[in-house]
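Enquirer: quick one: sequence and predicted model below, then my questions.
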Amino acid sequence: MKQLIPPGLLLALFVPCAAAAQSAFNGTWKVDMKTAQFPAKPDSYLLKDGEYECATCIPPVKVKADGLDHKVTGHPYYDSVAIKVINDRSVEETDKKNGKVVTTATTVVSADGKTATFEYTDSSDTNGAPVTGKGEVTLVKAGPAGSHAISGDWKMSKFESVSDNSLLVTYKIDGDSLTMSEPTGQSYVAKLDGTEAPFEGDPGLTTVSVKRIDKNTIQETDKRDGKAKFVTRMTISADGKSLAFTSQDVERGTTSKVSATKQ
C-alpha cells in the first residue's frame, strides 16, 4: 500500500531538491538506493472489522475496507482512498485525486507475518511517466488479535527496485542562483542566500529556500503554505563524484539518508 511507503514518497525522502554552491555540484545525479538509511520510526496500520486505519499518516486515514472510494481530506496528493482485501495476507489500495487514479499499490504479508512486500505505481507527484517500485517492510509490533495481517507497526527495510524517473535530479548554478529540475516535472530557481522561491510541479510543496552552510554543504527547506515540511542537507564528496543527503521530515520527526552519484 502507498501508506507502507514513507510519506512524501521517494522524491521527498531520497531525492531532496538541494542546492549547489560551486560547479562541482552541477550536473545530473542519480540516487543509489543501496545506500539508503530509512527512518527508524515505524508506520502504524490497522485493518479490522471491515475498517482500515493509518494512524501515522498525516493527517490520519480511516476508511472502510470495502474496495470503494472513500473521501479523505488534508492530503495534497490524493483525496480518496479505496482499500480492497484480496485475502488474509494481501491488500490492494487505489488512491485518486479529482476522480483520477494517482496510485495503485499491493501489499503481501509473508506467511510468518514478519515481513511484507509492496509494489506500486504512483503518478500523484509526477507530470510525466508514473513512478514505479517495489520493496519490503519489517514488522516491529503485531496488530491486535483478530486483525488482518497488515495490521501493526512496520519499518521500511529495503527497496528492490525504483524507476529512474524518481532517482534523477539535475542542478545548474548561474551566478548566485540554482536551477533544479527532475524528470517527474518538479523544478525551481532559487538564490543561494536562503530567499524563498516558488517550488513548481509538486502539489505538496509551494516554496523552497536554499542556503550555503559551507563550501561543501547546502541546506534546503521545503514548505507548503508557509509551513516547513522537509529540511535537507547535501554534502558533496572531496572528489565531486557523490552527494550525501540527510533529509528531515519535519511533521513526522524522522530522518532519512542516501547518496547519489554523478552521471
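Expert: That came in fine, so what should we check first?
Enquirer: could I get the buried residue list for stretch 147-167?
Expert: Using 16 or more other C-beta atoms under 10 Å as the test for burial, stretch 147-167 gives 148-156, 159, 162-163, 165-167. C-beta coordinates here come from the backbone N, C-alpha and C atoms, glycine included.
Enquirer: how about stretch 210-218?
Expert: Residues 210-212, 216-218 are the ones in stretch 210-218 that count as buried (16+ other C-beta under 10 Å).
Enquirer: run through the helices of the chain in chain order.
Expert: 9-13 (DSSP state H).
Enquirer: break it into its domains for me.
Expert: 8-39+165-262, 43-163 (automatic domain parsing).
Enquirer: first-to-last residue distance for the shortest one?
Expert: Domain 43-163 has an end-to-end distance of 23 Å (criterion: C-alpha to C-alpha, to the nearest Å).
Enquirer: ok, stretch 120-136 next?
Expert: 12 Å.
Enquirer: equivalent analysis for stretch 163-182, please.
Expert: In terms of C-alpha to C-alpha, the two terminal residues of stretch 163-182 are separated by 13 Å.
Enquirer: what do you get for stretch 68-88?
Expert: Distances were taken as C-alpha to C-alpha; on that basis the terminal residues of stretch 68-88 are 18 Å apart.
Enquirer: wait, residue 124 sits on residue 78?
Expert: Yes - between residue 124 and residue 78 a contact is recorded at 5.9 Å, counting by C-beta atoms under 8 Å.
Enquirer: overlap in contacts of these two?
Expert: Taking C-beta atoms under 8 Å, 6 or more residues apart in numbering as the contact rule, the neighbours common to residue 124 and residue 78 are 95, 97, 102-103.
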